[in-house]
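A.B. asks: Next come a sequence and a model predicted from it.
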Amino acid sequence: MRHFLNTADWSRPELQAMIDDARTMKASPMGDALRGKTVALLFLNNSLRTRTSFDVGAQQLGGHAVVLSPSGGMWPLEFEDGAVMDGEAEEHVKEAAKVLSRYCDMIGIRAFPKFVDWQEDRKDKILNAFAKYADVPVVNMETITHPCQEMAHIMALQERLGSLDGKKFVLTWTYHPKPLNTAVANSALMIAAKFGMKPTLLCPTKDYILDERYIDQASKDAAENGHALTISHNIDEAYDGADVVYAKSWGALPYFGNWEPEKPIRDQYKHFIVDEEKMAKTNNALVSHCLPMRRNVKMTDAVFESENCIAYDEAENRLHVQKAIMKAIVR
Amino acid sequence: MRHFLNTADWSRPELQAMIDDARTMKASPMGDALRGKTVALLFLNNSLRTRTSFDVGAQQLGGHAVVLSPSGGMWPLEFEDGAVMDGEAEEHVKEAAKVLSRYCDMIGIRAFPKFVDWQEDRKDKILNAFAKYADVPVVNMETITHPCQEMAHIMALQERLGSLDGKKFVLTWTYHPKPLNTAVANSALMIAAKFGMKPTLLCPTKDYILDERYIDQASKDAAENGHALTISHNIDEAYDGADVVYAKSWGALPYFGNWEPEKPIRDQYKHFIVDEEKMAKTNNALVSHCLPMRRNVKMTDAVFESENCIAYDEAENRLHVQKAIMKAIVR
Amino acid sequence: MRHFLNTADWSRPELQAMIDDARTMKASPMGDALRGKTVALLFLNNSLRTRTSFDVGAQQLGGHAVVLSPSGGMWPLEFEDGAVMDGEAEEHVKEAAKVLSRYCDMIGIRAFPKFVDWQEDRKDKILNAFAKYADVPVVNMETITHPCQEMAHIMALQERLGSLDGKKFVLTWTYHPKPLNTAVANSALMIAAKFGMKPTLLCPTKDYILDERYIDQASKDAAENGHALTISHNIDEAYDGADVVYAKSWGALPYFGNWEPEKPIRDQYKHFIVDEEKMAKTNNALVSHCLPMRRNVKMTDAVFESENCIAYDEAENRLHVQKAIMKAIVR
C-alpha cells in the first residue's frame, strides 16, 4: 500500500506513468477501476476544484466519493499520541483514520496550515497522522504541499511543450493582500526540478525564500538532472528567456504567525504582478496559476486571457491526474 | 447550447414539451439521459426541495450531482469584469464558471437577492455571470425568479384541470414577519399569463406591486393570449370566481433594503391570509404555495390540508420537471 | 411500512435476522436491494461514522444517499401541530417529511437533545414528528437512543462470543468534561437485556441512573430472559466476573439543563475510567465504546488497544447492520 502524500516519495517514471494514464483518460473518461469503491474526502478548508474534481473523477471510474468537512459536521480531532483528551477534541485521529478505513478505500485530506507557528505547521501533522493510522491509501489534497496540483501542471506543460527537459521554469512570488500558504510554491519548485526543468525562484527578498526542506529537495532533483536551482530577487533576470512562468503568492516564513510587521514589507512589492511587460522578456513563455487567483493583483487580465496562459487546462487536468492517482493506489 | 434562466426565454410549446416529458417520467422515473454526466449545483442560500430533487433527479437519469455551497467551502467570488481583486473575493466568477464547465455538464445556481439595493439585485448578476462565462448550460435554481417552480406549478395545475386557458389565476400577497424575495411571485405571474390564464395580482397597496419587468412580461403574454393582467387591492374582487389561488409573501420594493419603515405597513395586512372564508368566494379554486410555508400565517391549516391544495404535488413535480429540463439542455 | 425508531419496537428474532443478514453482507458487500432508491439523511448534529456508513451502505446496495444538514442549508423547522408560524421556523416538519417522502424512499434522522429540559427532550419530538408525517420509513440515526449502534454492538459481540445468553454485561459510566447525551447508554442497557445478557448499570450515584423508561424496558426484557437488571455504584462488584464492559459518559438527569452544579459532582468520579486494573477483575471481558471516545479520560490507551477491545469492529459493523436495516424497511 502506498500513500500519495508528496511527489518526492515517487520516482519521475512513476509520476510520468500516471500523467500518461491521465492523458489517455482525458480522451476517454469513463472506466471501472473504482467499481464498488468509495473514497472519503476530508476537507478541513475551502475547496471548489479539488472537491468537484475528485468527486467527478471517482464517479467516472465507477466509484463513489463521500465528502466530509467540519461545516458538514466532523468532530474536533486530537493528533497527539497518548494524549489525555480532556480538552476540545472529541475524537483521536487514530480512530477517525481507522474507522474511515473500514468504510472506504482511500482517504483524501485537505488541511491547510494554522498560520501560527511554522515549526508546527511544517510537521504536516494531520496528513501524516492519517497516513500513519489509516489502513487504506491517503492522498494529499493540499496541506503544506499540493502534489495533485503539481501533476496537473506538468501534464498541462507537456501538452503544450512535449519534453520539459532544460526549459527555464520561473516560480514568481506575487502580491496578495493576505499572507498565503506556501504549499503550491513548494510544490511547483519541486516538480519543475524533478521533471528536468531549470528552476528559478523569484521573490522580493530573502525573507520570501521557501522552507529549506523544499529548497533542498528542488536543488537535489535539479542537480540530478544536471541543473541548478537559482534564487533571484531581480525581476528582469528571472523573466529573461523563461519558458514557463508560474505565479503564486505566499507569506514570508520569518513573519509566520506575526503578520502585522510583514504587511508593510509585502505592500512594497505589488509590482511583482505578472504583466505583459514582464512576459515580453521571456521566451514566449507559458504562464499559469493554480487558481483561485486574484485578477489584476497577481496577474493582469491581459496575460491571464492570452493564448500562453494554461491555467484552465491545468485546472481541468486536476480531474484527469487525480483519476490516475486513485487508479495507481486504490486496491 | 441553451441555458434555463427564465421561462421568458422559452416558448410555450417548448415548455409544454418539457412538462409532457415530466409527466412521462413521473410514471416511469428511471432513465439514462445523463449517463456519465455530472451536474454541479451551487447553493449560495438554503434549500431542501431544490437540493434534494435535483440530486435525486440526476441520479434517476444515470447521472451524478455535485452539491457546492459556501458552508461547504466555496471561495468568495468576484463578479465585476476587469476588477482589481484586492478585496474579499478570492476567485472571479469567470474562473469558477469555466473550471466547473471543465468538470461538469451543467451548472445550477441558487443566488437570492442581497436585499440591500433592488437596482443591484434586479441585475441578477451571479446567474447572468455564470451564464455568460460557463461553457455548459446553466439552470436557475432560484435567484430573482424561480422558473423550476413555475414549471412544477403548471404541471400540477394541468394534472387537475387539463387545459388552463381562460382560467382565473390569482397571485395573492400574504403576510410574513420578514420581507421576502419576490422571485416566486414574479415567476407565478409570468407563467400564469404565458399558459393562457387570466392573471390577477392581489396585494395590499401599490407599494407591493412587482417590478415592472415582470408586470410587463406578464401583461405582454396575457395580451398574446387575449387576456389582460389585473392588479387589485380588493380581496373580494380578486377571489371572486378564481380558479387558482397562489399564495406568496414578499417585501415591498420601495422599501427594499430599508425594511424598518415597511414593517408597520406590512403588519396591517395579516388579514391577507388564505382562509376558508376567502376560498368560499372562488370557483372551487385550486390553491398552492411553493413551500416552505408558514402555516396559519400565510394560509390556514384548513385550506392547506383541503383537497383543493396541490402544494405537495407541486413540490413533487419539481423532481419531474427538473429532470425534463436537464434532459432538454444537457448535451 | 415500519420505521426503525427503537429496537424496543422490534422482536429479538427480527433484530437477529437483520444481524444475520449483516454478517452475510460483511463477507459479500455488494447488492442491489436499493437499486434506483434514494435515502435522505438529515443531520441536525455532527457525524462521522453515521454519515459515512449510511452513504457507503446505500451505494453498496445500488442506491443513493442525499445528505442534508442545517450547515448544508436546511430551513428552521416547526414541530407543533396547529402552530401559528410567526417565529423563527420557516417550514413545518409535516411539509419537510411529506416532501422528502415524495423524493426519497427512506429518511434518516439525527437529532440530539437540546439539553435544556429533559421532559421536553425525552419526547423525541423531531424523530417522532418525521415518523408521524413521513410516507416512507424513518430511521433513528441517534436522538435520545441510538438503535443502529446497538445492532452493531450486538453483532460485534456475537462475532467474538457466539451466543450472548447469560453473559454479564456491564454498562459503566465514565467521566467526560461535558455532560453528554444518554442515548447510547439507554440503548446499550436495553439491547443487552433484550439479547439475553445479565445487565449491570454501574454509575457513581443515583443521580446518574438513566431515565425510568429505559430502566423499565431493560428490566422487563431482562426478566423475560430470566435475569434481573442490577444497578450498582460499586466498581469492584460491577466488574467482578463481567463478560462485557461497555463504557459511556452521560450527564446526570436531575441536573439536566442546569449543569453548573453537576460539574463538581462529576469531577469527583474521574476514577471511573476503564483501565487495566479494573479489567483484571473481569472474566477476560470484551470491552467497547461507541466512538468518538476521549482516550485516557474514558478508557486508557492500554485497554483500548488491547485484543479485548472491539470498538473498531463495532464501528465497522455500523455499515453492515445499517444496510440490513435499510433492506428490511425500504420498499
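C.D. replies: Great, that's in hand.
A.B. asks: how about the nearest residue to residue A:173 once chain neighbours are set aside, what does it touch?
C.D. replies: Spatial nearest neighbour of residue A:173, excluding adjacent residues (CB to CB, 6 or more residues apart in numbering or on different chains): residue A:203 at 4.0 Å. All C-beta spots, glycine's among them, are computed from the backbone N, C-alpha and C. Residues in contact with residue A:203 (CB atoms under 8 Å, 6 or more residues apart in numbering or on different chains) are A:172, A:173, A:209, A:231, A:233.
A.B. asks: The third one reaches residue A:231, doesn't it?
C.D. replies: Going back to what we said before, that points to residue A:209. Yes. With contacts counted by CB atoms under 8 Å, residue A:209 reaches residue A:231, the gap being 6.2 Å.
A.B. asks: Endpoint to endpoint, stretch A:41-55 covers what distance?
C.D. replies: This stretch, stretch A:41-55, spans 8 Å end to end (CA to CA, to the nearest Å).
A.B. asks: chain center to it, what's the gap?
C.D. replies: 13 Å (CA atoms, centre = their mean, to the nearest Å).
A.B. asks: same question, stretch A:320-327
C.D. replies: 15 Å.
A.B. asks: contacting residues around the residue of chain A at minimum distance from chain C?
C.D. replies: At 3.3 Å from chain C, residue A:91 is the closest residue in chain A, using CB to the nearest CB. Each residue near residue A:91 by CB under 8 Å, 6+ apart is listed here: A:75, A:76, A:77, A:78, C:48, C:291, C:292, C:293.
A.B. asks: who's in contact with the second one?
C.D. replies: Taking CB under 8 Å, 6+ apart as the contact definition, residue A:76 lies against A:88, A:89, A:90, A:91.
A.B. asks: Count the neighbours of the nearest residue to residue A:106 once chain neighbours are set aside for me.
C.D. replies: Counting by CB to CB, 6+ apart, residue A:106 lies nearest to residue A:39, which is 4.3 Å off, once chain neighbours are set aside. Other residues lying near residue A:39 total 26 when counted by other CB atoms under 10 Å in any protein chain shown.
A.B. asks: Which neighbouring elements make contact with the helix or strand hosting residue A:39?
C.D. replies: In the assignment (DSSP states H and E), residue A:39 maps to strand A:38-43. If contacts are counted by 3 or more CB pairs under 8 Å, 6 or more residues apart in numbering or on different chains; DSSP states H and E, strand A:38-43 sits against helix A:49-60, strand A:64-68, helix A:93-103, strand A:106-110, helix C:49-60.
A.B. asks: if we can go back for a sec, among the contacts of residue A:91, the buried ones, what's the ChimeraX command?
C.D. replies: Remark: buried members of the contacts of residue A:91, expressed as a ChimeraX selection using 16 or more other CB atoms under 10 Å in any protein chain shown:
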select /A:75,77,78 /C:48,291,292,293
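A.B. asks: so of the contacts of residue A:91, which ones are in helices?
C.D. replies: Assigned to helices by DSSP state H, none of the contacts of residue A:91 qualify.
A.B. asks: Quick check: of the contacts of residue A:91, which lies closest to residue B:147?
C.D. replies: The closest of the contacts of residue A:91 to residue B:147 turns out to be residue C:48 (CB to CB; 38.1 Å).
A.B. asks: you'd agree that closest one is up against residue C:292?
C.D. replies: Yes. The criterion here is CB under 8 Å, and residue C:48 meets it with residue C:292 at 7.3 Å.
A.B. asks: which residues does the residue most central in space within chain A contact?
C.D. replies: Central residue of chain A (CA atoms, centre = their mean): residue A:146, 2.0 Å from the mean position. For residue A:146, the contact set (CB under 8 Å, 6+ apart) comprises A:140, A:183, A:184, A:186, A:187, A:290.
A.B. asks: hang on, the earlier thing: looking at the contacts of residue A:203, state which has the most neighbours.
C.D. replies: That'd be residue A:172 among these, by other CB under 10 Å, with 27 neighbours.
A.B. asks: sec struct for it, please.
C.D. replies: State at residue A:172, reduced to three classes by DSSP: H, G, I helix; E, B strand; the rest coil: strand.
A.B. asks: So in terms of bridging, what pairs with it?
C.D. replies: Taking DSSP bridges as the rule, residue A:172 bridges to residue A:202, residue A:247.
A.B. asks: Now do it, the pLDDT please.
C.D. replies: Note on residue A:172: pLDDT of 98.
A.B. asks: From what I see, it and residue A:272 are in contact.
C.D. replies: Yes. With contact defined as CB under 8 Å, residue A:172 counts as touching residue A:272 (6.4 Å).
A.B. asks: joint contacts of the two?
C.D. replies: A:202, A:235.
A.B. asks: Which strands and helices lie in contact with the worst-scoring helix or strand of chain A on mean pLDDT?
C.D. replies: The weakest-scoring helix or strand in chain A, judged by mean pLDDT, DSSP states H and E, is strand A:77-78 (a mean of 87). Helices and strands touching strand A:77-78, by 3+ CB pairs under 8 Å, 6+ apart, are strand A:91-92, helix A:93-103.
A.B. asks: Dump those into TSV; add mean pLDDT as well.
C.D. replies: Listed next are those as TSV, based on pLDDT from 0 to 100:
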stretch	mean pLDDT
strand A:91-92	91
helix A:93-103	95
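A.B. asks: okay, the ones you listed, which one's buried deepest?
C.D. replies: Of all the helices and strands packed on strand A:77-78, strand A:91-92 has the most neighbours on average by mean count of other CB atoms under 10 Å in any protein chain shown, namely a mean of 25.
A.B. asks: what's the farthest-apart pair in the contacts of residue A:203?
C.D. replies: A:172 and A:209 (13.2 Å).
A.B. asks: OK, now which residue of the stretch 1-150 of chain A is nearest to chain B?
C.D. replies: Counting by CB to the nearest CB, the stretch 1-150 of chain A gets nearest chain B through residue A:46, at 4.1 Å.
A.B. asks: Quick check, that residue in contact with residue B:77.
C.D. replies: No. Using CB under 8 Å, residue A:46 makes no contact with residue B:77, being 11.9 Å away.
A.B. asks: can you give me the helices in the stretch 101-250 of chain A?
C.D. replies: Taking DSSP state H, counting those that start in this stretch, the helices of the stretch 101-250 of chain A run over residues A:118-121, A:125-133, A:147-161, A:183-194, A:212-224, A:235-239.
A.B. asks: The ones you listed: which one's closest to residue C:277?
C.D. replies: Among those, helix A:125-133 sits nearest to residue C:277 (CB to CB), with 27.1 Å.
A.B. asks: buried stuff in that closest one?
C.D. replies: Buried-residue list, helix A:125-133, by 16+ other CB under 10 Å: A:125, A:126, A:127, A:128, A:129, A:130, A:131, A:133.
A.B. asks: Could you point out which of the residues you listed is nearest to residue C:34?
C.D. replies: residue A:130 (29.8 Å).
A.B. asks: circling back: so what sits opposite the residue of chain A closest to chain C in the bridge?
C.D. replies: residue A:77.
A.B. asks: For the stretch 1-150 of chain A, list the residues in contact with chain B, please.
C.D. replies: A:29-30, A:43, A:45-49, A:51-53, A:55-56, A:59-60, A:67, A:69, A:71-72 (CB under 8 Å from any CB of the partner chain).
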